[in-house]
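[1] pasting a predicted model and its sequence here:
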Amino acid sequence: MANISCNDIVKSYGGHPVIEGLDLDIPDHEFVVFLGPSGCGKSTMLRMIAGLEEVTGGRIAIGGTDVTDLPPGERGVAMVFQSYALYPHMSVADNITFGLRRQGASRSEIAPRLTQVAELLGLEKFLDRKPKNLSGGQQQRVAMARAMIKTPQVFLFDEPLSNLDAKLREKLRTEIRKIHMQLKTTTIFVTHDQLEAMTIADRIVLMRDGRIEQMGTPDEIYERPATRFVADFIGTPAMNFVSAEIAAGDRLVAHGEGMTLELSRDVFPDLAPGQRVELGLRPARMDLCAPDARNVISGSVVLVENMGAEGQVITEVAGREVSFVTQSFRDLSPGDPVTFAISPDHIHVFDPSTGRSLRRN
């Protein structure tokens, strides 16, 4: 069993706290992604779990064993870094098996394990090559194989795909997910790329300023953001935010900047007439509509961005920009009048003073 438990973790540099009182439990076999902007503490947390950073306060346990003060080599973890850190004078095979050979493993023990990880990562025909004769994606697979051959309890990935181009990143993140499904080793993956997190995580730990802003499955994070920060950080294109006021009447209605939108009473039962709120409208949840449709927003086209199968249409509504996504974008041009709509069930409402979501849990 390799569950990970972090209790009341504190990390300070020179008296300046960067993580304060963080609690986190990761079940055995789970693939968790630490996500957040630069400087939020995600890599610092990973390095403390690995034993590469000292913990200022709190306790870290792996598989029920307190590892807070253990050196990295005794924690049963393997780490893959953003930098491949391969030995240029060694062959691929020697790079992969270096750690085992240093531990004194025999050739008879190393050979089958090398064959297994090489096959898993598609490196069989590269074992005799030097790193300089490999592509960036192949070098990163060698770094992964070097970690995997040790059969650790926990895999730790610190932005391992950041140095690769977009196509290679997509290919390798798919391979990493497939490998996890086969090995089922508890895994923590650090990234600032929300698309990467959404596509590979069982759960996302979204961090901000050294604390956990929200933790949940990709669907939970996307569909039910706990705060305005989460809603803004997750989703491409980014969410639209509109200041509004709740109106009096039989229906739950918000009057915003150039729009009047009906909300769901089942989702927001505590909203009161006259209350100031901030509405969150995902571009992907809006589309072109007829003028008599429900929750219509009218504006004029500012810009159309072709994204392939669909396009982002940026519009001007009452002097501010609001964007939506549609497959029917090719006939739209700047200056065209346009109407689009959103279902009440897809509108998010936040407290403008705290940033917290006002939806019923």
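    On my side now, so go ahead.

[2] residue 60 touches residue 66, doesn't it?
    Yes - if you go by C-beta atoms under 8 Å, residue 60 and residue 66 touch, sitting 7.5 Å apart. Every residue, glycine included, has its C-beta placed from N, CA and C.

[3] the more surrounded of these two?
    It is residue 60, of residue 60 and residue 66, that has more neighbours when counted by other C-beta atoms under 10 Å, with 23 against 12.

[4] quick check: the more buried one vs residue 259, distance?
    Taking C-beta to C-beta, to the nearest Å as the measure, residue 60 falls 48 Å from residue 259.

[5] what is the subsequent helix or strand relative to whatever helix or strand residue 6 lives in?
    When secondary structure is defined by DSSP states H and E, residue 6 falls within strand 4-13. Sequence-wise, the next helix or strand downstream of strand 4-13 (DSSP H and E) is strand 16-26.

[6] tell me, how many residues neighbour residue 264?
    Burial of residue 264 is recorded as 16 neighbouring residues (other C-beta under 10 Å).

[7] which residue sits closest to it, ignoring its sequence neighbours?
    residue 344 (4.6 Å; C-beta to C-beta, 6 or more residues apart in numbering).

[8] how many residues are close by the one you found?
    Taking other C-beta under 10 Å as the criterion, the count of residues near residue 344 is 19.

[9] what ranges does this protein have for its helices?
    Defined through DSSP state H, the helices belonging to the chain, from first to last, are 42-50, 92-102, 107-120, 136-148, 166-183, 194-200, 218-223, 228-233.

[10] which secondary structure elements does the fifth one sit against?
    Helix 166-183 sits against helix 136-148, helix 194-200, with contacts defined as 3 or more C-beta pairs under 8 Å, 6 or more residues apart in numbering; DSSP states H and E.

[11] any idea which of those helices is most buried?
    Across those, averaging neighbours per residue (mean count of other C-beta atoms under 10 Å) puts helix 136-148 on top, at a mean of 22.

[12] who are the contact partners of residue 81?
    The neighbours of residue 81, taking C-beta atoms under 8 Å, 6 or more residues apart in numbering as the test, are 143, 158, 160.

[13] pLDDT score assigned to the last one?
    Model confidence at residue 160, expressed as pLDDT, equals 86.

[14] now do it: how many residues are near it, please.
    Other residues within reach of residue 160, judged by other C-beta under 10 Å, total 25.

[15] ok, now which ones touch it?
    For residue 160, the residues meeting the contact criterion (C-beta under 8 Å, 6+ apart) are 80-82, 140, 143-144, 172, 176, 189.

[16] switch to 7 Å and redo it
    Each residue near residue 160 by C-beta atoms under 7 Å, 6 or more residues apart in numbering is listed here: 80-82, 140.

[17] and residue 48, by the same measure?
    If you count contacts by C-beta under 7 Å, 6+ apart, residue 48 has them with 9, 11, 55, 60.

[18] from these, which two are the most distant?
    Farthest apart among the contacts of residue 48 by C-beta to C-beta are 11 and 60. That separation is 11.3 Å.
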